[in-house]
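In: For reference, the sequence and a predicted model appear below.
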Number of protein chains: 2
Amino acid sequence: MFIGFSEAELFLRNCEDAVIITHRNPDGDCIGAGFGLKDILAQLGIRSRVICHDGFPARYSFLTSEGAGEEFEPKTIIAVDIADENLMGDYKDIYGDKVQLCIDHHISNKNYAEKTLLRSDATAACEIIYDLAQYMGVKITRHCAMCLYTGISTDSGCFKYDCTTPRAHEIAAEMMRSYDINFARINRYMFDVKSLGRLKLEAMVNELMEYCLGGRLAIAAVTQDMMKDMGVSMEELEGFAPLTIQLENTEVGILMREREDGVFKCSFRSANDVNVSAICQSIGGGGHAKAAGCTIDGPLEEAKKHLIAAVERALS
Amino acid sequence: MFIGFSEAELFLRNCEDAVIITHRNPDGDCIGAGFGLKDILAQLGIRSRVICHDGFPARYSFLTSEGAGEEFEPKTIIAVDIADENLMGDYKDIYGDKVQLCIDHHISNKNYAEKTLLRSDATAACEIIYDLAQYMGVKITRHCAMCLYTGISTDSGCFKYDCTTPRAHEIAAEMMRSYDINFARINRYMFDVKSLGRLKLEAMVNELMEYCLGGRLAIAAVTQDMMKDMGVSMEELEGFAPLTIQLENTEVGILMREREDGVFKCSFRSANDVNVSAICQSIGGGGHAKAAGCTIDGPLEEAKKHLIAAVERALS
């Protein structure tokens, strides 16, 4: 059932002992939303714990270092930024059909939760949570502001992409004025700082980039072997997908990353008007119009052919 | 003489036949400010022309394609985003000591104009011009909004850097709500789209990057020969400097670009707290605390030693 702010407020004010589930391969938005919501619940005197199938990457430690919350038997199950219970990883079996409140901004949300606060026009789940806190009259902490800013900034590519709303800018302005957050440092760590290994990997990926369909599709694949050779982990390759749409006439870009099990995690990006969410849905994935994803089994060359064919169908 | 908005309004409402000077090696802010101010003057029934020592790069044609203005004998001389008349190139001799109004945001402004509207806390000259238009009650055009957004976005690294003000975010929100500007496309062209040559050059520059002073300084030099080999022009290397501070422990980054006359144009970036404007001033340049520049004569290795020594002094 889709709900609005008043029902979400009622739910949050009356819940207790909440686990807040974030999605697999966690990014700035689900981590920011999880830890931001945890702060807000704490303001209401409600304890909570943020959980994730995967660990929280080290580069988010400025948000997570105070801890994800104590152990307790949960009475409330909340999901943030999760469009589909399959994105919960191992937590799907435990909590997948028990989510009482989902706060999300993905238009592809499967409505799997009892109540879903969905605003598909929001830049990020963090934008919704900020507005909800304002609606509830909860004065957020500086740490919460940093969490929510991080989610908005990372999901919008630092206010660069189409999904950026005027509201996202207004919230950023309010956070800068009221909480004196060190946004430049956050953005530096989210967008600019790289390991020497990643720098070299980027150079290599650019070198490897293949241009298909008359240059309208760019595709790059990073295999486990390459990651091992370069000493780089999958998580360090997050935020890499935009590299695929750097060339002026590229319409669709795909970054393939091989998981340890040989399955390729594919991140799609659209430079202009092609809806890559629709392409990904046609092969079992999903996401946003300009940024979507899917997984596909190897071997690499066959997987690539399959992806190229799917993009070709969408472009024709 | 430094002036405020009321005096700037009085000046603009009463001027006629204005040339608007932008700085050498024009960037998004001076081009946006020049063409944005031209639009505002047109709203007031005042004709103007935007001039620059160098041509306006092709990637700004979405702002400049309507033309820089007709030829006429100027009665008013305005400079935008120019801290020092030496940045005017050949126009310095003609107009350097005749500038009646300068609108600028550089703290290093030399106060060379008759009247200077300086707001050194503004993200960009375009932020000042937007606020001035609001102050004057001039309803800007969509083209003007695109000009001013471009200046704010490019000077702030798309709202990423320290110099981004809350006001910059508020203005972006207002422009998105009121003018439906295609900000994502602007940002794509300003930040993401590259030529294949540039992609390869980046890979090469990353490969060439030298780390000095225990990794606290990164320095990369692009020579005329390299540009010729890669088929890339100096203007295509604009926006390259942030590459120098990608590594986590780098404090200062320097990108050296060799001009055709053998002189190196050096762009400094500071990752955190080092004031690179002070370093550049010590060797005849200037700029902002986090982004500054200077020129230095070759040969390359001697120039490099000189720069490294200057940074070492600042770091010690």
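Out: Nice, I can see it. Residues are numbered from 1 along each chain as shown, chains lettered A, B, ... in the order given.
In: Could you check how many residues crowd around residue A:261?
Out: Counted by other C-beta atoms under 10 Å in any protein chain shown, the residues lying close to residue A:261 total 9. Quick note: C-beta positions are derived from backbone N, CA and C, even for glycine.
In: where's it, which helix or strand?
Out: Counting by DSSP states H and E, no helix or strand carries residue A:261.
In: Would you mind stating the distance between it and residue A:234?
Out: To residue A:234, residue A:261 is 12 Å away according to C-beta to C-beta, to the nearest Å.
In: cool, and residue A:275?
Out: Distance, residue A:275 to residue A:234, by C-beta to C-beta: 26 Å.
In: Kindly report the same for residue A:119.
Out: Distance, residue A:119 to residue A:234, using C-beta to C-beta: 30 Å.
In: neighbour-wise, which of these two wins?
Out: residue A:119 (20 against 17).
In: Now the more buried one: closest residue in space that isn't a chain neighbour?
Out: Distance criterion C-beta to C-beta, 6 or more residues apart in numbering or on different chains; nearest residue to residue A:119, sequence neighbours excluded, is residue A:128 at 5.1 Å.
In: just checking, what packs against the helix or strand of chain A with the lowest mean pLDDT?
Out: Here the helix or strand of chain A ranked lowest by mean pLDDT, DSSP states H and E is helix A:196-208, holding a mean of 77. Helices and strands touching helix A:196-208, by 3 or more C-beta pairs under 8 Å, 6 or more residues apart in numbering or on different chains; DSSP states H and E, are strand A:217-222, helix A:224-230, helix B:196-208.
In: Flag every buried residue along it.
Out: Within helix A:196-208, the residues that qualify as buried by neighbour count (16 or more other C-beta atoms under 10 Å in any protein chain shown) are A:196, A:198, A:199, A:200, A:201, A:202, A:203, A:204, A:205, A:206.
In: And for stretch A:120-131?
Out: Neighbour-count burial for stretch A:120-131 [16+ other C-beta under 10 Å]: A:122, A:123, A:124, A:125, A:126, A:127, A:128, A:129, A:130, A:131.
In: Give me the contacts around it.
Out: By C-beta atoms under 8 Å, 6 or more residues apart in numbering or on different chains, the surrounding residues in contact with stretch A:120-131 are A:5, A:29-30, A:32-33, A:36-37, A:40, A:80-81, A:103-107, A:109, A:117, A:119, A:140, A:147-152, A:154-156, A:163-165, A:167-168, A:171.
In: sorry, back to before: any residue of whichever helix or strand comes after the least confident helix or strand of chain A up close to chain B?
Out: Remark: after helix A:196-208, the chain's next helix or strand is strand A:210-212, criterion DSSP H and E. No: if you take C-beta under 8 Å from any C-beta of the partner chain as the test, strand A:210-212 misses chain B, and the best it gets is 8.8 Å.
In: List the strands paired with strand A:210-212, with their directions.
Out: Applying DSSP bridges to the sheet, strand A:210-212 is found paired with strand A:217-222 (antiparallel).
In: Just want the angle from the strand it pairs with to helix A:196-208.
Out: Orientation check (axes from the mean of the first three to the mean of the last three C-alpha atoms, to 10 degrees): strand A:217-222 against helix A:196-208 gives 140 degrees.
In: now strand A:217-222: mean pLDDT?
Out: Strand A:217-222 carries an average pLDDT of 95.
In: what's in contact with that strand?
Out: A:201, A:205-206, A:208-212, A:237, A:240, A:243-247, A:250-258, A:264, A:300, A:304, A:307-308, A:311-312, A:315.
In: Taking those, please make a PyMOL selection of just the buried ones.
Out: Burial among the contacts of strand A:217-222 is assessed by 16+ other C-beta under 10 Å; the matching PyMOL selection reads:
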select buried, chain A and resi 201+205+206+209+212+237+240+243+244+245+246+247+250+251+252+253+254+255+256+257+258+264+304+307+308+311
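In: Please narrow the contacts of strand A:217-222 to those residing in helices.
Out: A:201, A:205, A:206, A:208, A:300, A:304, A:307, A:308, A:311, A:312, A:315 (DSSP state H).
In: helix/strand/coil for the residue nearest to residue A:82 when sequence neighbours are not counted?
Out: Distances taken as C-beta to C-beta, 6+ apart place residue A:23 nearest to residue A:82, at 4.8 Å, with adjacent residues excluded. With DSSP: H, G, I helix; E, B strand; the rest coil as the basis, residue A:23 sits in coil.
In: Just list the residues touching residue A:23, thanks.
Out: Contacts of residue A:23 (C-beta under 8 Å, 6+ apart): A:30, A:52, A:53, A:81, A:82, A:87, A:88.
In: likewise residue A:166?
Out: If a contact means C-beta under 8 Å, 6+ apart, then residue A:166 has B:172, B:173, B:174, B:176, B:177 as its contacts.
In: Can you add distance to residue B:187 and give the helices and strands packed on helix A:196-208 back as JSON lines?
Out: Formatted as JSON lines, the helices and strands packed on helix A:196-208 follow (distance: least, C-beta to C-beta, whole Å):
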{"stretch": "strand A:217-222", "distance to residue B:187": "19"}
{"stretch": "helix A:224-230", "distance to residue B:187": "29"}
{"stretch": "helix B:196-208", "distance to residue B:187": "17"}
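In: Residue B:15 is nearest to which of those?
Out: Residue B:15 lies closest to helix B:196-208 among those, at 40.2 Å (C-beta to C-beta).
In: And the contacts of that closest one?
Out: A:199-200, A:202-203, A:206-207, A:246-247, B:194, B:220-222, B:226, B:230-232, B:236-237, B:240, B:243, B:255.
In: Please pick the buried ones from the contacts of stretch A:120-131.
Out: Buried members of those, counted by 16+ other C-beta under 10 Å: A:29-30, A:32-33, A:36-37, A:40, A:80-81, A:103-106, A:109, A:117, A:119, A:140, A:147-152, A:154-156, A:163-165, A:167-168, A:171.
In: Could you tell me which of the residues you listed are located in helices?
Out: Mapping the buried ones among the contacts of stretch A:120-131 onto helices (DSSP H) picks out A:29-30, A:32-33, A:36-37, A:40, A:147-152, A:154-155, A:167-168, A:171.
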